[in-house]
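Asks: Everything below, folded, please.
(one chain, ligands or ions: 1)
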Amino acid sequence: MMSLMRPDLQMDESFYKVEEIRMLTGNAFSVRLPKARFAFKAGQHISLGIVGGNQSREYSIYSGENDEHLEVLVKEVENGYFTPQLRKLKAGRMVEVHGPFGKFGMEPEAAKTGKFVFIASGTGIAPFRSIVRTYPGIDYQLIHGVRYAEEAYDSQEYDSNRYVLCTSRENKAAYYGRLTGYLKTCTFAPETHFDLCGNSNMIFDALEILREKGFDRDQIHCEVYF
Ligand SMILES: Cc1cc2nc3c(=O)[nH]c(=O)nc-3n(C[C@H](O)[C@H](O)[C@H](O)COP(=O)(O)OP(=O)(O)OC[C@H]3O[C@@H](n4cnc5c(N)ncnc54)[C@H](O)[C@@H]3O)c2cc1C
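Replies: Below is the predicted model of the structure:
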């Protein structure tokens, strides 16, 4: 009898075969999986584990809702438990995916009419790539804070008039300094929605700056990684 099981999904629907580990810098990479029937809203995250391992971690989905792959963007944390194992995975290894989870993200109606400022530190750019790929006509500005210019992950995909890179450790970007320094210099329309994603220090500082600029807390949404 012919098997109905897809070759890229085995045993359990939450098991996915790694298609590719795509290195973006010396320590940042994307993990590409088959999309299969996995449905999510741009901005949401998954829980990812290695089959045979005993731990999992959360990752924002980096691919768009209609892309043929399910992809996450990961930075290898020095002395971290999970990310060094993930980086060493070879194509063909099985991972376990649960989700999608979270309320961070974009509603289709809002994407048509809203004005958005996306503020990301490091791999916190992941949900915004997913949103921009899903809603190519969206009115956004993306402010991305990293240490070095090479961490501008896949930045060629964004409209260069909408993407601002801030580098804190070298003068090789539109703004030399922390993204919070750049944010202080900006003026935004009163109806702007702000979405913030990344490490908690950046998010707390950015929240304070936006409050000082007079924006209400309900115009601001946050996703904290660590
Ligand atoms: C909702 C959510 C979404 C997330 N999405 C992403 C994502 O898209 N990409 C991503 O790379 N991470 C993301 N993370 C962080 C991720 O879940 C792990 O914490 C991270 O990959 C470290 O795992 P680890 O086992 O290697 O480190 P651990 O051994 O668990 O932790 C070691 C230390 O590293 C710190 N740490 C965690 N992440 C980083 C980082 N990026 N840079 C520096 N220090 C860090 C932690 O505070 C901890 O103290 C997300 C977290 C949450 C809660």
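Asks: How about the residues of this protein by the ligand?
Replies: Listed as neighbours of the ligand in the chain under the rule Cβ under 6 Å from any ligand atom: 45, 57-60, 72-75, 77, 80-83, 122-123, 126, 223, 225-226. Any C-beta I mention is one placed from the backbone N, CA and C, and that applies to glycine too.
Asks: out of those, which are inside helices?
Replies: Counting by DSSP state H, the part of the residues of the chain next to the ligand found in helices is Thr83, Ala126.
Asks: where does the chain dip in pLDDT?
Replies: Within the chain, the segments meeting pLDDT under 70 span 1-11.
Asks: the domain parsing of it - what is it?
Replies: Annotated domains of the chain cover 15-101, 108-224 [automatic domain parsing].
Asks: In JSON lines, list these along with mean neighbour count.
Replies: Listed next are the domains of the chain as JSON lines, based on neighbours: other Cβ atoms under 10 Å:
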{"stretch": "domain 15-101", "mean neighbour count": "17"}
{"stretch": "domain 108-224", "mean neighbour count": "18"}
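Asks: For the ligand, what is the nearest residue in this protein?
Replies: Across the chain, the shortest distance to the ligand (Cβ to the nearest ligand atom) belongs to Gly80, at 2.3 Å.
Asks: Let me see the contact set for that residue.
Replies: For Gly80, the contact set (Cβ atoms under 8 Å, 6 or more residues apart in numbering) is empty.
Asks: Also Ile50?
Replies: Counting by Cβ under 8 Å, 6+ apart, Ile50 has contacts Gln85, Leu86, Leu89, Arg93, Met94, Val95, Glu96.
Asks: ok, longest helix in the protein?
Replies: Counting residues, the longest helix found in the chain (DSSP H) is helix 200-212.
Asks: Wait, a strand at Leu86?
Replies: No: applying DSSP: H, G, I helix; E, B strand; the rest coil, one finds Leu86 to be helix, outside a strand.
Asks: residue boundaries of the helices in this protein?
Replies: Using DSSP H, the helices of the chain run over 83-87, 108-113, 126-134, 179-184, 200-212.
Asks: Switch the ones you listed over to a markdown table; also include distance to Ala173.
Replies: Putting the helices of the chain into a markdown table (distance: least, Cβ to Cβ, whole Å) gives the following:
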| stretch | distance to Ala173 |
| --- | --- |
| helix 83-87 | 25 |
| helix 108-113 | 27 |
| helix 126-134 | 17 |
| helix 179-184 | 10 |
| helix 200-212 | 16 |
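Asks: Tell me which of those lies nearest to Lys172.
Replies: Closest approach to Lys172 among these is made by helix 179-184 (14.5 Å; Cβ to Cβ).
Asks: from the middle of its chain, how far away would that closest one be?
Replies: Chain-centre distance of helix 179-184: 20 Å, with Cα atoms, centre = their mean, to the nearest Å.
Asks: what does that helix contact?
Replies: Contacts for helix 179-184 (Cβ under 8 Å, 6+ apart): 119, 121, 143-145, 164, 166, 175, 202, 205-206, 209-210.
Asks: ditto for stretch 138-152
Replies: Contacts for stretch 138-152 (Cβ under 8 Å, 6+ apart): 25, 28, 106, 111, 114-122, 125, 128, 131-132, 155, 158, 162-170, 172-173, 178-180, 182-183, 186, 198, 202.
Asks: Take these and keep only those in strands.
Replies: Taking DSSP state E, the ones among those that sit in strands are 28, 115-121, 163-167, 198.
Asks: Ser130 touches His69, doesn't it?
Replies: No: with contact defined as Cβ atoms under 8 Å, Ser130 does not reach His69; the gap is 11.7 Å.
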